[in-house]
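Undergrad: I would like to see how this sequence folds:
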Amino acid sequence: MSRPIMEHFSRGKYSPDARDVIWTIPNIISMLRILSIPVIAYLVAHRHLILALAVLLISAVSDGADGIIARRFNQVSKLGQILDPIADRLLILCSILALTIANILPWWLLILVGLRDVLMGILVLLLAQHDYGPLPVHFAGKTGTAVLMLAIPALILADAWHSPFFKILHLVALAAVIWGVALYWLAGLVYAHQGISLLQQDHDHD
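TA: Modelled structure (predicted):
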């Protein structure tokens, strides 16, 4: 069965230079970044916030480095393009879980983020059953992820010290987290609409 709609949605997901290789330097860096996420979550949950920030900084630097290396040395791979968003999702979810355990964030934010990721996981599985690949990243999703990736370190930093400035930083970062989660859900609704449309068209053609 031809998949013109899938090609339309998937176009641009992988660059023309992406290769079917696994063991590249960028992929190894991405895997190490994923392995660092439980360490960051443990440190935050136990309120070792300065050390958590240090590990988070190393992780952020490696995130930029693997992309530069991949493009510079022609090591762009399909696996790498999958690992990067997985690492971002895991970092967001695990960090919010740890911040919740440390009583820095309320539980309802964790529930919202977790529920959204579960629903998106179900959608991906349903699409895979119909031979569809991942949907293209929406602007709202990119923006929400970027906001959360900035707000999470800001929250950790704000709670590492106690002064009027850091109290204000905490409020700003908390507002940014809430805004990021809202964008996260907006993108999820867009993905759901796209995915359901594809599945409905498949059903109509059967």
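Undergrad: Please enumerate the helices of this structure.
TA: In the chain, the helices defined using DSSP state H lie at 4-10, 25-45, 49-72, 78-101, 107-129, 139-160, 164-205.
Undergrad: out of those helices, nearest to Arg19?
TA: helix 78-101 (7.2 Å; C-beta to C-beta). Every C-beta, even on glycine, is put in place using the N, C-alpha and C of the backbone.
Undergrad: which strands and helices sit next to the closest one?
TA: helix 25-45, helix 49-72, helix 107-129, helix 139-160 (3 or more C-beta pairs under 8 Å, 6 or more residues apart in numbering; DSSP states H and E).
Undergrad: Next, the angle helix 107-129 makes with it.
TA: For helix 78-101 against helix 107-129, the angle by axes from the mean of the first three to the mean of the last three C-alpha atoms, to 10 degrees is 160 degrees.
Undergrad: and helix 78-101, C-alpha only, in PDB?
TA: Extracted C-alpha coordinates of helix 78-101, given in PDB (Å, rounded to 0.1, in the frame of the first residue of the first chain):
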ATOM      1  CA  LYS A  78      18.700   7.700  11.900                       C
ATOM      2  CA  LEU A  79      19.400   6.300  15.400                       C
ATOM      3  CA  GLY A  80      20.900   9.500  16.500                       C
ATOM      4  CA  GLN A  81      17.900  11.500  15.300                       C
ATOM      5  CA  ILE A  82      15.700   9.100  17.400                       C
ATOM      6  CA  LEU A  83      18.000   9.100  20.500                       C
ATOM      7  CA  ASP A  84      18.000  12.900  20.800                       C
ATOM      8  CA  PRO A  85      14.300  13.500  21.300                       C
ATOM      9  CA  ILE A  86      14.100  10.400  23.500                       C
ATOM     10  CA  ALA A  87      16.800  11.900  25.700                       C
ATOM     11  CA  ASP A  88      14.900  15.200  25.900                       C
ATOM     12  CA  ARG A  89      11.700  13.500  26.900                       C
ATOM     13  CA  LEU A  90      13.400  11.400  29.500                       C
ATOM     14  CA  LEU A  91      15.300  14.300  31.000                       C
ATOM     15  CA  ILE A  92      12.100  16.400  31.300                       C
ATOM     16  CA  LEU A  93      10.000  13.600  32.800                       C
ATOM     17  CA  CYS A  94      12.700  12.400  35.200                       C
ATOM     18  CA  SER A  95      13.700  15.900  36.200                       C
ATOM     19  CA  ILE A  96      10.100  16.800  37.000                       C
ATOM     20  CA  LEU A  97       9.700  13.600  38.900                       C
ATOM     21  CA  ALA A  98      12.800  14.400  41.000                       C
ATOM     22  CA  LEU A  99      11.700  18.000  41.500                       C
ATOM     23  CA  THR A 100       8.400  16.700  42.700                       C
ATOM     24  CA  ILE A 101      10.000  14.300  45.200                       C
END
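Undergrad: Which positions in it come out as buried?
TA: The neighbour-count check on helix 78-101 (16 or more other C-beta atoms under 10 Å) flags 79-81, 83-84, 87-101 as buried.
Undergrad: gap between that helix and the chain center?
TA: Taking C-alpha atoms, centre = their mean, to the nearest Å, the mean C-alpha location of helix 78-101 is offset from the chain mean by 5 Å.
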